Structures are given as structure tokens and as C-alpha cells.
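In: Quick one, fold the following:
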Amino acid sequence: MCIQDSEQVNEGMENLDISNTDNNFKNQSLHSEAEFQHTQNENCGKITSSSPSVMRNSFPLESISEDTTIADRKQILLSNFLPVLRSGDWSDIGGRLDMEDTHICIADLAKNFGLNILGEDAISFYGVFDGHGGKGASQFVRDYLPKIIVEDADFPLELEKVVTRSFVETDAAFAKSCSVDSALSSGTTALTAMIFGRSLLVANAGDCRAVVSRRGLAIEMSKDHRPCCVTERTRIESVGGFVDDGYLNGQLGVSRALGNWHIKGLKEVKKGGPLSAEPELKLLTLTKEDEFLIIGSDGIWDVFRSQNAVDFARRRLQEHNNVKRCCKEIVDEAKKRGAIDNLTVVMVCFHSEPPPPVVFQRSRIRKSISAEGLANLRSLLED
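Out: Purely as a prediction, here's the structure:
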């Protein structure tokens, strides 16, 4: 388990790989003690159907993204791909006085909470939580959200509904905690990624970002929730909020987040409000061409474009193929580029081998120049 402060985590969380930092860790780099490496075809063992904790793992979501009647041989090979997962993480306080980022990596979500699922596919869970106004919200969401997902009656058969519902329920639970202990009052953005079989489900509320490398091309799995975004601004104004100089109600730089119950006018328990805790979801069916996933807090994306981060990570993995080291190098590079925020990176590779070099095919189009053009070129060169 990887925890950088002395707080106790809720019972049943012993097998988590989670990370956050206390205030007296200024200017220190944080890292977890271990890097998960596991395959998605792990056998869960024999389980009797009479056990109350057994649930059938049928995962209908996988059929959403891909046509099952594929004639092309290349597509058949791609569809038979089964990812081998390797994950790593790194955090740094950056230029801030306090570390408010937290993150989590769980190799087998159900097993971690004592739930046996009948089937071959484990569900891996990864998350980055970028706190603001304190670390109470980011710590609470990190600890509470994965647990509430597993405890949902529809888990794991309807993951999209479960994840969306769990974000909102976690937000409501944090409101109750803040009513008991006002010192917890704060907020956090949240981005989670769940991998089961060949499916990748990303849920985002805020401005953390997830990017997949597909043969070196950056595929954004989330969009930043900023108040100035047209769709977000429309939603905000429809519920009585407003955007002032790019800030939600003139106070907050993100339009979706958990927490912030202490800020008047952003949320109400029964009526909702302009600040939404409901995540946007994106589902991707992984193929052999998909190389890795990068999840980063907004401090990373302040100085990295998505494609730039993919290019940087590919080069590092090609050099040493160490996921954790690659995460550290991304964080270090962000600091060199002048990042001033807390910095957190979680990476998940889908292969045991490093990314291959990208080979660009030469164009087959013949290029020629007319006699008149050639004469003009010669004339220019002679002059």
C-alpha cells in the first residue's frame, strides 16, 4: 500500500495502492512502493453459485463499440487482443505550499473489497483526484468512490450507470461529512478509468485528463470541464448559474467537481446547482494498436498538450520500458517547463513490450514538374 501520510484508511482498503501527501512533504517527490503488473485473463478461481457475494461477469458494454461481424483479417487480429496491464504513478507537490492531489490504483477492484465475480475478467480501477481549497475532498473521494461502486446492486453488469450514480452518491456522502466536520470543506475534480477485458471506461468530472496512445496518436478520453465551454455554460445558465471572466459564479475555475458544498450558490442537496458532480463517460474497446493510458491532474496539462505527452512517454518507454520511471520523468519534465500546480500522473500500459517505432508509409503518388515550371526554377536559381 502506498500512502504518504499517517491517516488511516477505511477498513477493507488494505490492498489499495493509494497516494497523497501531507503539508510537511513540501518539495518532495512522492511515489508508490509497487507497480502493478497483471494480466486480464487472471483466473478468479472456482466459486459456487450459492455464495451471496458472487456476481456473473457478462459485461454487455463491450458490444457497444465494435461490430462483431468483421471480415478483414487485420480487424480480426485486433479484436482478439487481450491487454497485459502494467501501471505506475508519480506525484509531486510542485510549486504549491500544500499537496491536494490524491490518486489510486487497484489491480482487481472487486477482489480488493472481498467480492468474488464469476468470470475471467478482473476489473482494474485507476483514479486521479485534484483537490482545491484543502485535501479533505480528494482524500474522501479517493477512499469512498471505489467502495461505493463495488457495493452498487448493478455492479458489474451496468458499469456506466453504476459509475455515474456512484459519483453523485459520493458527492452527497461528502456533504454529510462536511456537515459534521467543517474542516473537511473543500472540493476536488475526479477522473477514473476502469479496464475490464478489452474495454476501457473513463469517467471525468473536472479538468483532469485521460489520453490513450494509439500507435503514437493521442486519443483524448475526456474533455476539460471549464465554465467557458459552450455546452457547460449553457448547462450552468439553465440552472441559474453564471460565468464571470471564465469562472463559475465568479468563484471556481471548473464547472464539474465533487465537494465545494461550503461555497454558496454552487450546490444544493435536493435542487442541485450549477456545479455538477455528474461525470461524462467515454467507452473504448482496446485493440493491439492501443499502447498506454495517461491520466494526469491539470498541473500536467498546463504544460503538456495531449499529443506532446504521448510523444514524450513513448520515447521514455522505448528507452527503458519502466512505467513508474516514465511517470516520474513526465512530472519532472512538467516542473522543468514551469508547472506551478500539484502534479500527478498515473499510467497504464496495455503491453509487456515497449511501444514500437512508428513507421510512416511513403506516398505512392508520383510527383513531377512541368517543363515550364522547370525552366522558371532554373531561371530563379541562375539569378
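
In: Identify the residues contacting Arg315.
Out: By CB atoms under 8 Å, 6 or more residues apart in numbering, the contact set of Arg315 is empty. C-beta here means a position set from N, CA and C on the backbone, and glycine is covered the same way.

In: helix or strand for it, which one?
Out: Arg315 is part of helix 306-320, with elements assigned from DSSP states H and E.

In: Now the element after that helix, going C-ward?
Out: Next along the chain from helix 306-320, counting by DSSP H and E, comes helix 323-336.

In: next helix or strand past that following helix?
Out: Trace forward from helix 323-336 with DSSP H and E and the next one is strand 343-349.

In: For the following helix or strand past that following strand, C-alpha coordinates in CSV please.
Out: Using DSSP H and E, the helix or strand that directly follows strand 343-349 along the chain is helix 371-382. Extracted in CSV, the C-alpha atoms of helix 371-382 (Å, rounded to 0.1, in the frame of the first residue of the first chain):
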residue,chain,number,x,y,z
ALA,A,371,8.8,21.9,-68.5
GLU,A,372,7.6,25.5,-68.0
GLY,A,373,8.0,25.1,-64.2
LEU,A,374,11.4,23.6,-64.6
ALA,A,375,12.5,26.5,-66.8
ASN,A,376,11.3,29.0,-64.3
LEU,A,377,13.1,27.2,-61.5
ARG,A,378,16.4,27.2,-63.4
SER,A,379,15.9,30.9,-64.2
LEU,A,380,15.5,31.7,-60.5
LEU,A,381,18.5,29.6,-59.5
GLU,A,382,20.7,31.2,-62.1
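
In: Pull the distance from helix 371-382 to the chain's centre.
Out: Relative to its chain's centre, helix 371-382 lies at 56 Å (CA atoms, centre = their mean, to the nearest Å).

In: hmm, who's touching it?
Out: Applying CB under 8 Å, 6+ apart, the external contacts of helix 371-382 come out as Ile369.

In: mind listing what's buried in it?
Out: Buried residues in helix 371-382, defined by neighbour count with 16 or more other CB atoms under 10 Å: none.

In: Quick check: mean pLDDT of it?
Out: The average pLDDT for helix 371-382 rounds to 78.

In: For the chain, give me the ranges with low pLDDT.
Out: Applying pLDDT under 70 to the chain flags residues 1-79, 118-120, 360-366, 383.

In: what's downstream of the longest helix seen in the chain, the next helix or strand?
Out: Ranked by residue count and defined by DSSP state H, the top helix of the chain is helix 159-180. Note on helix 159-180: by DSSP H and E, the next helix or strand toward the C-terminus is strand 187-196.

In: partners of that next one in the sheet?
Out: strand 123-132 (antiparallel), strand 199-205 (antiparallel), strand 258-259 (antiparallel) (DSSP bridges).

In: mind checking which of those is nearest Ser185?
Out: For Ser185, the closest of the strands paired with strand 187-196 is strand 258-259, at 7.8 Å, according to CB to CB.

In: Partner strands of whichever helix or strand comes after that closest one and their direction?
Out: Later in the chain than strand 258-259, the nearest helix or strand by DSSP H and E is strand 280-285. Paired with strand 280-285 in the same sheet, following DSSP bridges, are strand 199-205 (antiparallel).
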